[in-house]
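A.B. asks: please work out how this folds:
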Amino acid sequence: MATIRKRPNGTYEIKVSCGYGVDGKQRNQYKSYKPEPGMTPRQIEKEVQRQAILFEEDCKRGQITAAVKFETFAEQWFEEYAKVNLRSTSYSRMKQLTKRIYPALGHKRLDKITSRDIQKFVTDLLINGKNMNNGKPLSRKTAVHHLSLISDVFSYAIRMGMLTDNPCRRVVVPKSEQEEKQIYTLDEVKTLYEHLRDEPMKYQVYLLLSIYSGFRRSEMLGLEWKDIDFENSLIHVRRTSQYTKEKGIYTDTTKTRKSKRVSKFPPSIMNLLKQFKTEQDKEAKQLGTKWEDHDRLFTKWNGAPMNPQTPFEWLQGYCERIGIPFRNIHSLRHLHVSLLIFEGVDVVAVSADMGHSVVGTTLNLYSHMFQEARARNCDAISNALSFTNEVKAKEEKHSEDSTEGTYEDEDEQEEEQFGQVFGA
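C.D. replies: Here you go, the predicted structure:
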């Protein structure tokens, strides 16, 4: 309810209590009303009451509870929503985004931030933003991630009844030309294979299994020996191995429900896994009580789960040693997809193999590969209709042997040629 107090100077103070803010303090909104000259006491009373009702309605729509700094409310969102609903890796990545967002918007009141403020921030990221580690310009994807976090905070404020509008919905992130994914060429893959025997067994297995499976790095590191069905040549994806600064290395669920899947592998991969298991068991026996039995395929020297950064660093060094470009660890997954697509595997099967939750994700990520594969349809049709070349050759030979004027018209000539070719 609104309360009204008349000040000594003749103006009126209207106060509305709006509960408690995210900092635990009670929030009140105040409004001043000054009567117009010549108004009667009766008219003033009615107008003050009307102004109080209107002001209270505005407060109910969230105009006052949003009078809190963006950084304060964003931190509340992290505690109340993000920590409970997001995966630890997603939570950690979003926390990293605040290093740029808070200096730009954190000091502003939530209800005072406009679409223009956010647009200027996003545009500045694209023009002047630099990677904090290597100084390279920020990508459009990074700008989108920052905007998404800001939008999530505003959406939460709306759900809490603090605001009625999300200014992010009017912000535009300029489109940029999509870069093709960096994929190892077949010649580079051949070089990777040729020198692999000189590398430790666990990295041999990691590289070959990555190419044959297309598993994500977290899925690879989450594999346990009980996931390997040697009898039927199957490997089950049931978990992931993740890392955050706060939690260290930990086991997590798969990215989506459909990421839990099973794949079949050729004898060469299964035999390599058997050799790897024998070698790992031998190392565990030698270490005795120092060996930590986590049942993982990919481990540190003592059996503890391997750090997610280790495969990246190994592959980078390996590429340098054998003289080929380093395409990053995720490119092995892209290579797997490209091989499937160019062998004519349909998009639904590719999507299931990759563990994508929807087929649209596969199409969006690898649209250019499917387009290139479709472009080869022309060659496929030409090959399928290769007998037409034989028809043409016979036509030319027959033309050389025949004399002019043998046929009364062209239709008769075509009919005869058709009969010669197809045995009519």
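
A.B. asks: contact partners of stretch 291-303?
C.D. replies: Outside stretch 291-303, the residues within contact range by C-beta atoms under 8 Å, 6 or more residues apart in numbering are 202, 205-206, 220-226, 228, 241, 273, 276, 280, 283-284, 287, 290, 304-307, 311. Glycine gets a C-beta too; all of them are placed from N, C-alpha and C.

A.B. asks: hang on, I meant stretch 145-160
C.D. replies: Counting contacts by C-beta under 8 Å, 6+ apart, the residues outside stretch 145-160 that touch it are 62, 65-66, 70, 73-74, 77, 80-81, 93-94, 97-98, 100-101, 105, 110, 118, 121-122, 125, 163-169, 171, 173.

A.B. asks: rewinding a little: which of the contacts of stretch 291-303 fall in strands?
C.D. replies: Residues of the contacts of stretch 291-303 located in strands (DSSP state E): I228, S241.

A.B. asks: got a list of what the nearest residue to M354 once chain neighbours are set aside touches?
C.D. replies: Closest residue to M354 apart from its sequence neighbours, by C-beta to C-beta, 6 or more residues apart in numbering: G214 at 5.8 Å. Residues in contact with G214, defined by C-beta under 8 Å, 6+ apart, are L332, R333, H336, V337, L340, D353, M354.

A.B. asks: follow-up on the earlier one: please, a PyMOL command that selects the buried ones among the contacts of stretch 291-303?
C.D. replies: Buried members of those, identified by 16 or more other C-beta atoms under 10 Å, are gathered into one PyMOL selection as follows:
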select buried, resi 202+205+206+220+221+222+223+224+228+241+273+276+280+284+305+306+307+311
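
A.B. asks: taking the contacts of G214, tell me the two that lie furthest apart.
C.D. replies: When the contacts of G214 are compared pair by pair using C-beta to C-beta, the two farthest from each other are L332 and D353, 14.1 Å apart.

A.B. asks: do you know how far the nearest residue to S213 once chain neighbours are set aside is from L234?
C.D. replies: By the measure of C-beta to C-beta, 6+ apart, the closest residue to S213 outside its immediate chain neighbours is S263, 5.8 Å from it. With distances taken as C-beta to C-beta, to the nearest Å, S263 is found 7 Å from L234.

A.B. asks: if we can go back for a sec, which residue of L332 and D353 possesses the greater neighbour count?
C.D. replies: For L332 against D353, the residue with the higher neighbour count under other C-beta atoms under 10 Å is L332, and the figures read 27 against 18.

A.B. asks: wait, what's in contact with the more buried one?
C.D. replies: Contacts here follow C-beta under 8 Å, 6+ apart; on that basis L332 touches Y184, L207, S210, I211, G214.

A.B. asks: repeat that with 7 Å
C.D. replies: Contacts for L332 were tallied using C-beta atoms under 7 Å, 6 or more residues apart in numbering; they are S210, I211.

A.B. asks: give the buried residues for stretch 79-90.
C.D. replies: Y81, A82, T89.

A.B. asks: the last one touches E246, doesn't it?
C.D. replies: No: using C-beta atoms under 7 Å as the test, T89 is too far from E246 to be in contact (10.8 Å).
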